[in-house]
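S.K.: sequence first, predicted model second:
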Amino acid sequence: MDYKPHLKKWHGKDLPKSVMGDAKFTGMVSGQSSFPVVSSPWGFKQYGKSGAWVSDLMPEFGKIVDDVCIINSMTTTQVEHGNAINMIQTGHQLAGRPCAGSWASYGLGSACDDLPSFVVMRTKKGGSFIQDSNWGAGFLPGRHQGIKFGGTGKDPVYYLSNPKGMDQKLRNKTVNDIRKLNNHHNSIFGDPEINARTSQFEMAARMQLSVPELADLSDEPESTFKLYGEDARIPGTYAYSLLMARRLAERDVRWTQIFQGGWDQHSNLPKLIQEYSAYTDRANAALVIDLKQRGLLDDTLVIWGGEFGRTNFCQGTLTKTNFGREHHAMCFSMWMAGGGVKPGVTYGKSDEWGFRVAENAVPTHDLYATILHLLGVNHERLTYKFQGRDYRLTDLYGKVVKGLLA
């Protein structure tokens, strides 16, 4: 999404020290004596009325650029996966704080009685550094944590179905008895987590009816699978997850997040980036098109991106057919669509090297201040008191990026 023809002139040559400066990288490149620049092996084209530049790796995305806002000036403070994922998920580099989906659930409440307000899916393809804490509620009440969908088509939520030997009548009695015990316990201790546990048991009971209907794709017309691709029929694929995200949006689930690993390409990048771009490109475009044609895009915010970018120089040995790229925190791209985002614009700019932000930097906290604004929330007023301090998703920072607003 960030076309840099200048790199072609420098391909194979060492990145000038004046450009690299005091940039921080991981220990994986600490032993390198040279940092050869690598220009993209793929071409770029301009698409749509906006003329946005998009790599040949993502031609389907090119078809929707007039409906999206590309941000080419994202920046973060973290360069290691763990801390960077924490930062993009929670607004803080250390684990343990509530993630954005939990804040949305806490701030907006639930609009659906029989599904969670925050749903998480992980695709089966591609490794990642994601763990359960990345959709955790932190110090917020436990009912705001993400609920993971990820089983089979018949049983999409783990441990939701009744075990063998337990019919629905016995399950209902069990839930009722547990509620009575929890109420008694709560009358003694007054712990809000007891109520949260009770509400989650009751939600699970309602989900036994709502989730099978949600996961039954037999009501989807063939045009849906022509749009998303045949992968959308297969649970655990990226396309299936995005189709489920649309179905969840139709049912008023507040926040759905899909984790797709496989982008950490320190080596063998030419093969892997083609593979993962092709795996995700069609479904990304399909989701935006699908939401738009159903009249859902105006009030559904779509966000796509990762925890950081990749370097313009090669990690390891550069050959004619192979290279890798290191983590890069100072400048990377994301895109958003719908939900009040200004469509058909490319916001921000990196320098000619694609190394540092040259115009309109968007730090993580500014991104979330803007996202919350689009959801109708003042990021400075969405707080939760914990250990004597008022905490918020944007920590002590953040300003709404007005250039991203329609």
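M.R.: Sure, I can see it. Numbering: from 1, shown residues only.

S.K.: from here on, contacts and neighbour counts on C-alpha atoms
M.R.: OK.

S.K.: can you pull out the helices in this structure?
M.R.: Assigned by DSSP state H, the chain shows helices spanning 6-10, 17-20, 59-62, 81-90, 100-108, 168-189, 192-215, 222-228, 238-250, 269-293, 364-374.

S.K.: including mean pLDDT, distance to Gly403 and mean neighbour count, could the ones you listed go into a markdown table?
M.R.: Putting the helices of the chain into a markdown table (pLDDT from 0 to 100; distance: least, CA to CA, whole Å; neighbours: other CA atoms under 10 Å) gives the following:
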| stretch | mean pLDDT | distance to Gly403 | mean neighbour count |
| --- | --- | --- | --- |
| helix 6-10 | 98 | 27 | 15 |
| helix 17-20 | 96 | 28 | 10 |
| helix 59-62 | 98 | 21 | 20 |
| helix 81-90 | 97 | 21 | 22 |
| helix 100-108 | 98 | 22 | 23 |
| helix 168-189 | 90 | 48 | 13 |
| helix 192-215 | 86 | 37 | 17 |
| helix 222-228 | 98 | 31 | 15 |
| helix 238-250 | 97 | 26 | 22 |
| helix 269-293 | 98 | 21 | 18 |
| helix 364-374 | 98 | 10 | 22 |
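
S.K.: out of those helices, nearest to Asn312?
M.R.: Among the helices of the chain, helix 6-10 comes nearest to Asn312, with 8.1 Å by CA to CA.

S.K.: contact partners of that closest one?
M.R.: When contacts are defined by CA atoms under 8 Å, 6 or more residues apart in numbering, helix 6-10 is touched by residues Val37, Val38, Ser39, Ser40, Glu352, Trp353.

S.K.: ok, 7 Å please
M.R.: Val37, Val38, Ser39, Glu352, Trp353 (CA atoms under 7 Å, 6 or more residues apart in numbering).

S.K.: report the buried members of the residues you listed.
M.R.: The neighbour-count test (16 or more other CA atoms under 10 Å) marks Val37, Val38, Ser39, Trp353 as buried among these.

S.K.: that older thread, for Lys124, find the nearest of the helices of the chain.
M.R.: helix 238-250 (8.3 Å).

S.K.: centre of the chain to the closest one, how far?
M.R.: 13 Å (CA atoms, centre = their mean, to the nearest Å).

S.K.: still on that earlier bit, distance to Trp53 added to the helices of the chain, as CSV?
M.R.: As requested, these are exported to CSV (distance: least, CA to CA, whole Å):
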stretch, distance to Trp53
helix 6-10, 15
helix 17-20, 24
helix 59-62, 8
helix 81-90, 25
helix 100-108, 30
helix 168-189, 55
helix 192-215, 37
helix 222-228, 23
helix 238-250, 24
helix 269-293, 15
helix 364-374, 22
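
S.K.: which one of those helices lies nearest to Thr346?
M.R.: Using CA to CA, those put helix 59-62 closest to Thr346, at 12.6 Å.

S.K.: kindly export the closest one (C-alpha atoms) in PDB.
M.R.: The C-alpha coordinates for helix 59-62 follow below in PDB (Å, rounded to 0.1, in the frame of the first residue of the first chain):
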ATOM      1  CA  PRO A  59      -5.400  -6.800  -6.900                       C
ATOM      2  CA  GLU A  60      -8.800  -7.400  -5.200                       C
ATOM      3  CA  PHE A  61      -8.100  -4.800  -2.600                       C
ATOM      4  CA  GLY A  62      -7.400  -2.400  -5.400                       C
END
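
S.K.: report the longest strand in this structure, please.
M.R.: Identified as the longest strand of the chain according to DSSP state E is strand 68-75.

S.K.: give the rounded mean pLDDT of that strand.
M.R.: Here strand 68-75 scores 98 as its mean pLDDT.

S.K.: and that strand, what does it pack against?
M.R.: Counting by 3 or more CA pairs under 7 Å, 6 or more residues apart in numbering; DSSP states H and E, the packing neighbours recorded for strand 68-75 are strand 332-337, strand 345-347, strand 349-350, strand 362-363.

S.K.: measure how buried the closest residue to Leu382 other than its chain neighbours is and give me the count.
M.R.: Nearest residue to Leu382, sequence neighbours excluded (CA to CA, 6 or more residues apart in numbering): Arg392, at 6.1 Å. Using other CA atoms under 10 Å, Arg392 has 20 other residues around it.

S.K.: before we move on, the earlier item: to Arg143, which of the helices of the chain lies closest?
M.R.: Short answer: helix 192-215, nearest of these by CA to CA, at 5.4 Å.

S.K.: show me what that closest one packs onto, helices and strands only.
M.R.: helix 168-189.

S.K.: helices or strands up against the helix it packs on?
M.R.: The helices and strands touching helix 168-189, judged by 3+ CA pairs under 7 Å, 6+ apart, are helix 192-215.

S.K.: tilt between the helix it packs on and helix 168-189?
M.R.: 160 degrees (axes from the mean of the first three to the mean of the last three CA atoms, to 10 degrees).

S.K.: now the angle from helix 192-215 to helix 238-250?
M.R.: Interaxial angle, helix 192-215 versus helix 238-250 (the same axes, to 10 degrees): 110 degrees.

S.K.: no further questions, thank you.
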